[in-house]
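Asks: give me the fold of what follows.
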Amino acid sequence: MAHQPSSQTRLSPSGYEEDIRAVLAPRLAYFEAVARHEHVTRAAHELGVPQSTLSRAMVRLEQDLGVTLFARRGRTVSLTPAGRTFLASAERALAEVEKAADSVRADADPTAGKVAFGFLHTMGSETVPSLIRAFRADHPRVRFQLVQNYGEAMIERLRAGGLDLCLTSPVPDAPDLVARRLDEQRLRLVVPEDHRLAGRRRIRLAEAADETFVTLEPGYGLRRITDDLCTEAGFTPRVAFEGEEAETLRGLVAAGLGVALLPPPAVARPGVVELTVTAPRAVREIGVAWLDGHPDTPPVAAFKRFLLSRRGNLLPD
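Replies: Numbers count the residues shown, from 1 in each chain. Predicted coordinates for the structure are as follows:
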């Protein structure tokens with residue numbers, strides 16, 4: 001493998017990172033094989049490439065790096081000090097590539113792959129655990145990466161590729177997403193147990209027009225629904241406190257700091273009374289969303305089919 005100095009422009013240490021990657025990445029496995037065998041012919045045989053192709057690739061690699069990696073004696077080679085330094089990094093890089101390949105293959109395994117699944121905070125105590133338990137009855141080895149967040153943040157993460165599916169409300173309507181309505185959940189007006197309305201079982205929302213409300217922060221789907229329902233009832237709510245968790249809001253109501261429109265709790269909270277809202281119809285739709293055109297791995301496809309099969313029966317009784 002003759003080595004001739006090159007007059008070609010070498011890669012500058014300050015060159016573009018993408019150019020360096022494009023030049024080096026395809027040749028790392030070639031370099032590692034030659035270094036390991038210390039023989040071009042044996043390395044070429046292992047790699048299944050012509051010896052001439054491998055020799056040219058090593059010469060070009062040295063030219064692009066601007067250093068001599070091999071001391072040559074015919075087809076036998078040995079590493080120079082620079083070659084030994086480069087080999088250590090090349091082996092780490094190839095090991096990381098192999099690790100990444102093993103990881104994505106494992107995630108796509110039909111029986112033991114991974115599903116990145118997002119859902120609303122209010123669905124974390126009962127709904128999601130019961131869904132996963134039912135799904136894993138037939139898919140016991142499928143793994144889940146679970147992400148709790150508010151709706152808009154989950155949609156952003158979905159678009160960024162960090163989630164495969166998410167349960168959210170309201171059901172999104174966007175050209176880059178596919179969304180399916182699965183169920184609806186009634187909202188209740190939650191008041192302190194010593195409130196003037198606490199003796200009632202049902203209420204029109206307009207009767208709470210003069211109350212102080214505690215709500216989720218803007219950007220949360222439930223906040224948007226609360227604002228819309230109050231507008232439909234003919235008033236703008238006076239908001240005293242904004243939070244991030246429905247159960248925190250229940251605590252604020254129990255402390256006498258306002259009233260709130262909330263979904264039913266997993267466990268009854270002392271200190272509050274929950275009233276059925278008769279008008280307007282106070283519900284929130286729950287749906288599943290995913291990125292349009294995004295290919296599903298087998299475990300994601302199986303969980304998506306499972307969720308769609310629960311349409312109308314998503315929420316615990």
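Asks: name the helix or strand for Gly118, please.
Replies: Per DSSP states H and E: Gly118 is located in strand 114-119.
Asks: who touches that strand?
Replies: With C-beta atoms under 8 Å, 6 or more residues apart in numbering as the test, strand 114-119 has contacts from 106-107, 127-128, 142-149, 154, 157-158, 162-168, 297, 299-300, 303. No exception for glycine: its C-beta is placed from N, CA and C like everyone else's.
Asks: same question, stretch 25-33
Replies: Outside stretch 25-33, the residues within contact range by C-beta under 8 Å, 6+ apart are 43, 46-47, 49, 54, 57-58, 60-61, 69, 86-87, 90-91, 93-94.
Asks: buried subset of those residues as a PyMOL selection?
Replies: This is how PyMOL selects the buried members of the contacts of stretch 25-33, with burial counted by 16 or more other C-beta atoms under 10 Å:
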select buried, resi 43+47+54+57+58+61+69+86+87+90
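Asks: among the contacts of stretch 25-33, which are located in helices?
Replies: Members of these lying in helices (criterion: DSSP state H): 43, 46-47, 54, 57-58, 60-61, 86-87, 90-91, 93-94.
Asks: so which of those residues is the closest to Gly199?
Replies: Of all the ones in helices among the contacts of stretch 25-33, Ala93 has the smallest distance to Gly199: 71.0 Å, by C-beta to C-beta.
Asks: how close does the closest one sit to Lys99?
Replies: Ala93 sits 11 Å away from Lys99, going by C-beta to C-beta, to the nearest Å.
Asks: check Gly271 too.
Replies: Applying C-beta to C-beta to Gly271 and Lys99 gives a distance of 52 Å.
Asks: just Arg196 next, same as before
Replies: Plainly put, Arg196 is 64 Å away from Lys99 if you go by C-beta to C-beta.
Asks: what's the answer for Arg202, then?
Replies: Distance, Arg202 to Lys99, by C-beta to C-beta: 59 Å.
Asks: swap in Phe144?
Replies: Taken as C-beta to C-beta, the span from Phe144 to Lys99 is 21 Å.
Asks: also Gln185?
Replies: Going from Gln185 to Lys99 by C-beta to C-beta gives 42 Å.
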